[in-house]
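Participant: kindly generate the corresponding structure for this input.
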Amino acid sequence: MDPSGGCPHADNARLLARGAVAPVVLPGGIEGAAVLGHETLREFLQHPDVAKDARHFTALREGRIGAGWPLLTFATVRGMTTADGDDHRRLRALVSRAFTPRQVEELRPRVEELTASLLDDLARVAAAGGGVADLRKHFALPLPMSVISELLGVGPEFRDRLHHLSSRVVATDIEPGEAVTANRELVAVLAETAAAKAERPGDDLTSDLIAARDEDGDRLGPQELIGTLVLMIIAGHETTLNLITNAVRALCGHRGQLDLVRAGRASWADVVEETLRWDAPVSYFPFRYPVRDLTVDGTLIPAGTPVLAGYSAAGRDPAAHGPDADRFDVTRAARADAVRHLSLGHGPHYCLGAPLARLEATVALERLFTRFPDLDLAVPERELSRHAGFVGNSVRALPVHLGG
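Facilitator: Purely as a prediction, here's the structure:
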């Protein structure tokens, strides 16, 4: 795997042509595997002999993973994404009530309010910048970061720093020393927030988690509390940031598809679903581990192998999505033969925040293109610098002309 990332789709197509599973070499020469095919990945994500707990990670157990390994947080952070069975259900239950469809829908007015304010800010930035603004920095980022921060009770003074640290934690091209420093600082910032909430509880999820910990220590340990906050602050904004960014890129590059939405032949929700499939915000997600030797689509994956979920590859798998899988088509979801994408996961670890991500992205795109109907990229797509790493899938900046 190329630690510096880049557009994954050409490599995905090449690998998929060979099979649904590919052996890969992770940073540091660690042997792993990637599951790429849609149907194979769907089955793998819910396989009873596949675990998330890093005690099954052979190289880590044998001491072959150093403290500065760039993917270490994905394996060792204490929380629902690295837990199995009863532990996973316990941790997920503690936060799931904040992300039910009803609770998420109650956030709509706040999401709409934030969106309107950010669009005003975007217009001001563009006016000061000769008509050009970085949509990723000034719109796609602050919207989900503000929402998840408010849910967790994280103060505005921490948000820029938390985004910077989150982006370093998920990067795969980071140096060992920087990786250690970024992880330590991220934990320290969130521990400071938790300590403040322990002294002065508020109407937020962090206070609720602390109350659950204090009422019954068996329900949430100290490391699990901080690990849960780490996971939620990263997953709660990085994925939606990439989703909004990728959707804007897709619509600017496919004006006919944007016209279909404006004509009522597809919805903004359709745009979100097609973007999730066509240009998944998470390309290769770490890790799952077979607890015994598994043969997956004819390929042997030894027990303890770290396996990547190849969401970006599965989204364009022609075996599932047809010969036009490479085509961005906002009407695809309405087809009778449409296959639901896997870009937000599948099985017990399906993305808990999926309803919130969909709400934020749908509101953001509708309001953005209504306010700025002539919005377009300020540079050709090929000149956009790609995300640093093979986990997240997007671009580093998105300069746009707002038009009119």
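
Participant: going forward, measure contacts between C-alpha atoms and count neighbours the same way
Facilitator: Fine.

Participant: from R168, how far off is A266?
Facilitator: 37 Å (C-alpha to C-alpha, to the nearest Å).

Participant: got any ranges where the stretch 301-404 of the chain has weak pLDDT?
Facilitator: Scanning the stretch 301-404 of the chain with the threshold set as pLDDT under 70 gives 404.

Participant: rerun at 90
Facilitator: Regions of the stretch 301-404 of the chain meeting the criterion pLDDT under 90 cover residues 333-338, 387-389, 403-404.

Participant: please enumerate the strands of it.
Facilitator: Assigned by DSSP state E, counting those that start in this stretch, the strands in the stretch 301-404 of the chain fall at 307-310, 376-377, 399-401.

Participant: residues contacting the residue lying closest to P399 once chain neighbours are set aside?
Facilitator: If the residues on either side of it in the chain are set aside, P399 comes closest to D134, at 4.2 Å by C-alpha to C-alpha, 6 or more residues apart in numbering. Taking C-alpha atoms under 8 Å, 6 or more residues apart in numbering, we find D134 in contact with 397-400.

Participant: and for G68?
Facilitator: Per C-alpha under 8 Å, 6+ apart, neighbours of G68: 175-180.

Participant: strands along the protein, start to end?
Facilitator: 21-26, 30-35, 50-51, 132-134, 284-290, 294-296, 299-301, 307-310, 376-377, 399-401 (DSSP state E).

Participant: now tabulate those in TSV and tack on distance to L162.
Facilitator: Converted to TSV, the strands of the chain look like this (distance: least, C-alpha to C-alpha, whole Å):
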stretch	distance to L162
strand 21-26	26
strand 30-35	29
strand 50-51	29
strand 132-134	19
strand 284-290	21
strand 294-296	38
strand 299-301	36
strand 307-310	25
strand 376-377	28
strand 399-401	23
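
Participant: winner for burial among those strands?
Facilitator: strand 307-310 (a mean of 26; mean count of other C-alpha atoms under 10 Å).

Participant: which neighbours in the sheet does that strand have, and how are they oriented?
Facilitator: Using DSSP bridges, the strands paired with strand 307-310 are strand 30-35 (parallel), strand 284-290 (antiparallel).

Participant: D324 is nearest to which of these?
Facilitator: Proximity to D324 (C-alpha to C-alpha) singles out strand 30-35 among these, at 21.1 Å.

Participant: pLDDT on the closest one, on average?
Facilitator: Across strand 30-35, the average pLDDT comes to 97.

Participant: before we move on, what about stretch 137-152?
Facilitator: The predicted model assigns stretch 137-152 a mean pLDDT of 96.

Participant: list the buried ones in that stretch?
Facilitator: For stretch 137-152, the neighbour count (16 or more other C-alpha atoms under 10 Å) marks 137-149, 151-152 as buried.

Participant: follow-up on the earlier one: which one of the strands of the stretch 301-404 of the chain lies nearest to A59?
Facilitator: So among the strands of the stretch 301-404 of the chain, strand 307-310 is nearest, using C-alpha to C-alpha, at 12.4 Å.

Participant: tell me if I'm right that N393 and L276 touch.
Facilitator: No: N393 is not in contact with L276 according to C-alpha atoms under 8 Å; the separation is 10.8 Å.

Participant: spatially central, which residue of this structure would that be?
Facilitator: Per C-alpha atoms, centre = their mean, the C-alpha nearest to the average position across the chain is that of T239, at 2.8 Å.

Participant: for that residue, give me its contacts.
Facilitator: T239 neighbours (C-alpha under 8 Å, 6+ apart): 281-282, 357, 392.

Participant: mind doing that once more with 6 Å?
Facilitator: P281 (C-alpha atoms under 6 Å, 6 or more residues apart in numbering).

Participant: coming back round to it: quick check: the residue nearest to P399 vs D259, distance?
Facilitator: 24 Å.

Participant: pull the number of nearby residues for the residue nearest to G5 when sequence neighbours are not counted.
Facilitator: Counting by C-alpha to C-alpha, 6+ apart, G389 is the residue found nearest to G5 once chain neighbours are left out, at 3.9 Å. For G389, the neighbour count with other C-alpha atoms under 10 Å is 25.

Participant: swap in L384?
Facilitator: 16.

Participant: where does it fall, phi/psi-wise?
Facilitator: phi -80, psi 130 (degrees, to the nearest 10).

Participant: okay, and the beta partners of the closest residue in space to it that isn't next to it in sequence?
Facilitator: Spatial nearest neighbour of L384, excluding adjacent residues (C-alpha to C-alpha, 6+ apart): V395 at 6.4 Å. According to DSSP bridges, the partner residues bridging V395 are R386.

Participant: OK, contacts around V395?
Facilitator: 385-387.

Participant: recalculate using a threshold of 8 Å.
Facilitator: Applying C-alpha under 8 Å, 6+ apart, the residues near V395 are 242, 245, 384-387.
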